[in-house]
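[1] Following is a predicted model, sequence given first.
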Amino acid sequence: MSPSALLWLIVGCLMLQPLSTDLYLASLPHLATDFGVTPAAVQQTLSLFVIGFGVAQLISGPLSDRFGRRPVLLWGLGVYVGASLACALAPTLNLLISARFVQAIGCCTAIVVARALIRDVYAPADGAKMIARASSLLSLAPLLGPILGGYLQVWYGWRAAFVFHTLFCVVLAIAAYRLLEETNRHLNPDAIHPGSLLGTYRRIASADFFWAWALPGALSYAAIFTYISGSSFVLISVLGVSTEIYGYCFAFGVSGYLLGTLLCRRLLGHIGLERALTVGVSLSLFSGLLFLALALLGVHHWAVVLLCQFLTMGAHGINFPCAQAGAVAPFPREAGAAAGLLGFFTMFAALLTGTWVGMSHDGTLLPLALTSALIGMILFGSAWGLRRQRHH
């Protein structure tokens, strides 16, 4: 299998997550109107997706360690296609939420396998560079997805986003079926045995060097999930940005992620994983405090949200490639389980963030700013406090 084909398959798998969360962001206020529910109720389409995504990774990773990356990936893509169709046809919000939960299971399977593929093929340092390269291409999804989603909402309504999910995944599944070769050369027959599985997770979770990378990575994703879950309500409902323009606003913020991944690749070559992560978490802290300061000063303008989203996502473009490579690298024979555990805690952090953003929304900018600043401080503190474990 050629390196370029592997790269594009990995990128396609990783794109499922931002497409699943970002493509219909412009539709969230309209879902509340169409179903006659509150913003907090609509947020469950994100929250249940995050729960399904997080929990299923604990199983999908070991399954790929037991049966191989290829069959588990194809199974996950098939689940995603069926669930996306169910979302598009859902007559009630409850059914839409349920279908989103199942959609998350298929999505997370593709993500876990993609992360394990990188560990199968590349050494840790090269893996971090590969992740940063893939992330640069991956940024096209959150960059263009909200723009496309805004127009799909205006032209066809919210169901069109899930039709797009279906078609995208069908193409990806065909490509994976035709191109992907098995990369797991050490199938573990005991990987999904309950006792062995619990022992594996206990061994990974008890390693302080795993948390030294995984905790900053999870908190960094929580920082950008603040904007993923809350920016549409703030920009459209509070600050009066039109639905079709919202996609461009969100895309501007995501362009920071693209620049962050490009910067990450340079930083890795010059200062290494540890110092690159320090740069990223420092930028996260600055962005959160800046957002809070401007909000407290009464600068309630859409440009404030865009600027701070740009900085926070740029920081994530540096943080997450480092965190992912650092957390999975010590477990070459259990890469699927390690990637799954990292993903579980990443989604758990996002779940808490998204739930809080929905509950705290009061029609102003301040709750979102407070949340962004608090996560920035916790992220910086965790990265600084665990620096010795990362060196070890």
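    Thanks, I have the structure now.

[2] CA atoms for contacts and neighbours, from now on please.
    Fine.

[3] what's the host helix or strand of residue 369 packed up against?
    Assigned by DSSP states H and E, residue 369 belongs to helix 366-385. Contacts defined by 3 or more CA pairs under 8 Å, 6 or more residues apart in numbering; DSSP states H and E place helix 366-385 against helix 208-232, helix 272-296, helix 335-360.

[4] Give me the angle between it and helix 335-360.
    150 degrees (axes from the mean of the first three to the mean of the last three CA atoms, to 10 degrees).

[5] Which residues belonging to helix 366-385 are considered buried?
    Using 16 or more other CA atoms under 10 Å as the test for burial, helix 366-385 gives 366-373, 375-380, 382-384.

[6] thinking again about what came up before, CSV please, covering the helices and strands packed on helix 366-385 and showing mean neighbour count, distance to residue 19 and mean pLDDT.
    Listed next are the helices and strands packed on helix 366-385 as CSV, based on neighbours: other CA atoms under 10 Å; distance: least, CA to CA, whole Å; pLDDT from 0 to 100:
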stretch, mean neighbour count, distance to residue 19, mean pLDDT
helix 208-232, 25, 12, 87
helix 272-296, 21, 23, 91
helix 335-360, 24, 16, 81
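
[7] rewinding a little: hey, C-alpha coordinates of the helix holding residue 369 in CSV?
    Below are the C-alpha coordinates for helix 366-385, written out as CSV (Å, rounded to 0.1, in the frame of the first residue of the first chain):
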residue,chain,number,x,y,z
LEU,A,366,-20.1,35.8,29.2
PRO,A,367,-20.8,32.0,30.0
LEU,A,368,-18.9,31.0,26.9
ALA,A,369,-16.0,33.3,27.8
LEU,A,370,-15.9,32.0,31.3
THR,A,371,-15.8,28.4,30.1
SER,A,372,-13.1,29.1,27.6
ALA,A,373,-10.9,30.8,30.2
LEU,A,374,-11.4,28.1,32.9
ILE,A,375,-10.5,25.2,30.5
GLY,A,376,-7.4,27.2,29.3
MET,A,377,-6.2,27.5,32.9
ILE,A,378,-6.8,23.8,33.7
LEU,A,379,-5.1,22.7,30.5
PHE,A,380,-2.0,24.8,31.1
GLY,A,381,-1.8,23.7,34.7
SER,A,382,-2.1,20.0,33.8
ALA,A,383,0.6,20.2,31.1
TRP,A,384,2.9,22.1,33.4
GLY,A,385,2.3,19.8,36.4
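
[8] What average pLDDT does that helix get?
    Here helix 366-385 scores 90 as its mean pLDDT.

[9] what residues does it touch?
    Under the contact criterion CA atoms under 8 Å, 6 or more residues apart in numbering, helix 366-385 has outside partners 212-213, 215-216, 219-220, 222-223, 226, 230, 278, 281-282, 284-292, 295-296, 357, 360-361.

[10] backbone phi and psi for residue 182, please?
    Phi and psi for residue 182, reported as degrees, to the nearest 10, are phi -70, psi 130.

[11] and the nearest residue to it once chain neighbours are set aside, how many neighbours?
    In space, and not counting its chain neighbours, residue 182 is closest to residue 70: 5.6 Å by CA to CA, 6 or more residues apart in numbering. Residue 70: 20 surrounding residues under other CA atoms under 10 Å.

[12] and if you look at the one 5 residues further on?
    Burial measure for residue 75: 14 neighbouring residues, criterion other CA under 10 Å.

[13] Same check on residue 2?
    By other CA under 10 Å, neighbour count at residue 2 equals 8.

[14] Distance-wise, check the closest residue to residue 205 other than its chain neighbours relative to residue 218.
    Take residue 205 and drop its neighbours on the chain: the residue closest to it by CA to CA, 6+ apart is residue 211, 7.5 Å away. Per CA to CA, to the nearest Å, residue 211 is found 10 Å from residue 218.

[15] related to what we said a few turns ago, would you confirm that the residue nearest to residue 182 contacts residue 185?
    No. When contacts are counted by CA atoms under 8 Å, residue 70 is not listed as touching residue 185 (11.8 Å).

[16] leaving aside the residues next to it on the chain, what's closest to residue 12?
    Per CA to CA, 6+ apart, closest to residue 12 is residue 172, 6.6 Å.

[17] Packing partners of whatever helix or strand that neighbour lives in?
    Using DSSP H and E, residue 172 falls within helix 159-179. Counting contacts by 3+ CA pairs under 8 Å, 6+ apart, helix 159-179 packs against helix 3-22, helix 69-89, helix 140-156.
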